[in-house]
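In: curious how this folds, go ahead:
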Amino acid sequence: MENIKEEFRIKGEELVEKIKQLLHEGNVRRIIIKDETGKVYLEIPVTVGVIGAIVAPMLAAVGAIAAMVAQLQIEVIRTEEQEKK
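Out: The predicted structure is shown next:
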């Protein structure tokens, strides 16, 4: 498996919806929420077995961060299985 890194820049009020969207995609391993300067506010390791248990408290924390910061950057680490030859 190979890790792929993506970055998104969004407004604070869009943060919770973007996190929900990423969690539903399924191949996300880690989500890192930063401000414009690169300061990390929250790092979320996402594992299949833990998603249900952490979603509500995690979204509450994400909502609090969104209320404090106008512009955010989300770094997403995904896994992509390599094709077998």
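In: need the contact list for the most centrally placed residue in the chain.
Out: The chain has residue 31 as the residue nearest its centroid, 3.0 Å off, counting by C-alpha atoms, centre = their mean. Listed by C-beta atoms under 8 Å, 6 or more residues apart in numbering, the contact set of residue 31 reads 19, 22, 42, 43, 44, 46, 74, 75, 76, 77. (Glycine included, C-beta is placed from N, CA and C.)
In: specify the beta-bridge partners of it.
Out: For residue 31, the beta-bridge partners are residue 44, residue 76 (DSSP bridges).
In: give me the low-pLDDT residue ranges for the chain?
Out: 1, 47-56, 81-85 (pLDDT under 70).
In: tell me the buried residues in stretch 63-79?
Out: Within stretch 63-79, the residues scored as buried using 16 or more other C-beta atoms under 10 Å are 65, 66, 69, 72, 73, 74, 75, 76, 77, 78.
In: quick one: which of those sit in helices?
Out: 65, 66 (DSSP state H).
In: measure residue 25 to residue 19 for me?
Out: Using C-beta to C-beta, to the nearest Å, we find residue 25 at a distance of 11 Å from residue 19.
In: for residue 36, which residues are in contact?
Out: 71, 72, 73.
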